[in-house]
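Visitor: Dropping a prediction and its sequence here:
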Amino acid sequence: MSAGSQPVVVVGAGNVGLALGTNLARHGHEVSFAVRDPGAALPAGTRALPVAADDAEARSLVAELASELGFDAVEVGGLEHAGLLEEAARYWGLLAFTGGRGRSVVLVAHQR
C-alpha cells in the first residue's frame, strides 16, 4: 500500500460495490469485498462489458468510462455487432424471467 492508502472493506459486490471497490483499488487502497456468497464475488475488473459503436472516438470514450466503473470494457467494433449484443440480452431475459431464475442470473465470459 502507498502512503495515505487505507484497507477498505466494501459490503456487496454488485454493480455499485464492485465499481466502488475497483476505483478505490485503482487509487492504491487494499480492497476486500464482504458478500453473502463469497463464491459469487468476482475480483475487480473481471466483468466484461462489450462496447460497440461506429464512431471509434465515442467507442473509446464509452470503454474508458466503463473501465472507470470497474468493468473490463472490450471494444468489439462497429454497430454491425449490436444485433448479437441485443440477442445476448434477450437470452439473459429468457433465463431470468421466462426460466424463472430472476435478476440474479449472470451471463459470464471467462478468459483463459
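Guide: Alright, I've got the coordinates.

Visitor: where's residue 67 relative to residue 22, distance?
Guide: 9 Å (Cβ to Cβ, to the nearest Å). All C-beta atoms are positioned from the backbone trio N, CA, C, and that covers glycine.

Visitor: hang on, I meant residue 95
Guide: Distance of residue 95 to residue 22, computed by Cβ to Cβ: 26 Å.

Visitor: Which residue of those two possesses the greater neighbour count?
Guide: residue 22 (23 against 14; other Cβ atoms under 10 Å).

Visitor: Got the phi and psi for that one?
Guide: Residue 22 has phi and psi values of phi -60, psi -40 when expressed as degrees, to the nearest 10.

Visitor: and what of residue 83?
Guide: Torsion angles, degrees, to the nearest 10, at residue 83: phi -60, psi -40.

Visitor: Now do the strands in the protein.
Guide: Along the chain, counting by DSSP state E, strands occupy 7-11, 30-34, 48-51, 72-75.

Visitor: Now those in CSV, please, with extra columns for mean pLDDT and mean neighbour count.
Guide: Formatted as CSV, those follow (pLDDT from 0 to 100; neighbours: other Cβ atoms under 10 Å):
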stretch, mean pLDDT, mean neighbour count
strand 7-11, 69, 13
strand 30-34, 70, 15
strand 48-51, 84, 18
strand 72-75, 86, 17
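
Visitor: what's the closest of these to residue 82?
Guide: strand 48-51 (9.7 Å; Cβ to Cβ).

Visitor: Contacts made by stretch 55-63 with the rest, please.
Guide: 51-53, 73-75 (Cβ atoms under 8 Å, 6 or more residues apart in numbering).

Visitor: Out of those, flag the one nearest to residue 91.
Guide: Among these, and counting by Cβ to Cβ, the member closest to residue 91 is residue 52, at 16.8 Å.

Visitor: can you pull the contacts of that closest one?
Guide: 59, 75-79, 81-82, 85.

Visitor: how about a cut-off of 7 Å?
Guide: 76-79, 81-82, 85 (Cβ atoms under 7 Å, 6 or more residues apart in numbering).
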